[in-house]
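# Structure for this input, please:
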Amino acid sequence: MVQTVSAPAEVHADPKRWYVLGVLCLGLLVVGIDGTIVNVALPTLVREIGASTSELQWIVDAYTIVFASFLLIAGTLATGSAARAASSSGSSCSGAGRWRARWSTHRAR
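Next up is the predicted model:
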């Protein structure tokens with residue numbers, strides 16, 4: 001018995017796929033930068049508040065868990081028609097926080 005296989009229908013790629021890839025890469029970049037910021041701050045935390053190694057591990061882990069939770073919440077809210085608004089508001093909040101931290105003149109003693 002001989003079976004004939006027909007050629008698959010032509011697949012049309014979504015033209016927005018590169019935009020989506022770019023947005024996902026940008027999100028991953030922000031996660032990586034935030035993780036680096038926490039790790040760079042660890043020596044300062046030791047100096048300023050006298051944190052032990054165990055406390056530093058708790059700080060890094062707590063930050064990671066909270067950040068991941070917010071990412072899950074934002075991803076859930078972003079499904080559907082509110083994706084652009086959720087992405088814009090998240091980027092704006094993150095940028096505002098970074099700008100404020102950058103120009104902060106208060107130093108702990």
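# per-residue confidence at the residue nearest to the spatial centre of the chain?
Among the residues of the chain, V31 comes closest to the average C-alpha position under C-alpha atoms, centre = their mean, at 3.6 Å. pLDDT recorded at V31 is 73.
# and it, what does it touch?
Taking C-beta atoms under 8 Å, 6 or more residues apart in numbering, we find V31 in contact with F67, L71. The C-beta positions use only the backbone N, C-alpha and C, and glycine is treated the same way.
# Recalculate using a threshold of 10 Å.
By C-beta atoms under 10 Å, 6 or more residues apart in numbering, V31 lies in contact with T64, F67, A68, L71.
# pLDDT-wise, what's the bottom of those residues?
Scoring the contacts of V31 by pLDDT puts A68 last, at 71.
# residues near S94, how many?
Other residues near S94 come to 13 when the count uses other C-beta atoms under 10 Å.
# do L71 as well
So L71, with other C-beta under 10 Å, has 14 neighbours.
# so it makes contact with V30?
Yes. Using C-beta atoms under 10 Å, L71 is in contact with V30, at 9.5 Å.
# Need the overlap of contacts for these two.
Contacts common to L71 and V30, judged by C-beta under 10 Å, 6+ apart, are G90.
# what helices or strands is the helix or strand containing D61 leaning on?
Taking DSSP states H and E as the definition, D61 sits inside helix 53-78. Helix 53-78 is packed against helix 17-49, helix 83-102, with contacts defined by 3 or more C-beta pairs under 10 Å, 6 or more residues apart in numbering; DSSP states H and E.
# Pick out the shakiest of the ones you listed, pLDDT-wise.
Lowest mean pLDDT of those: helix 83-102, a mean of 72.
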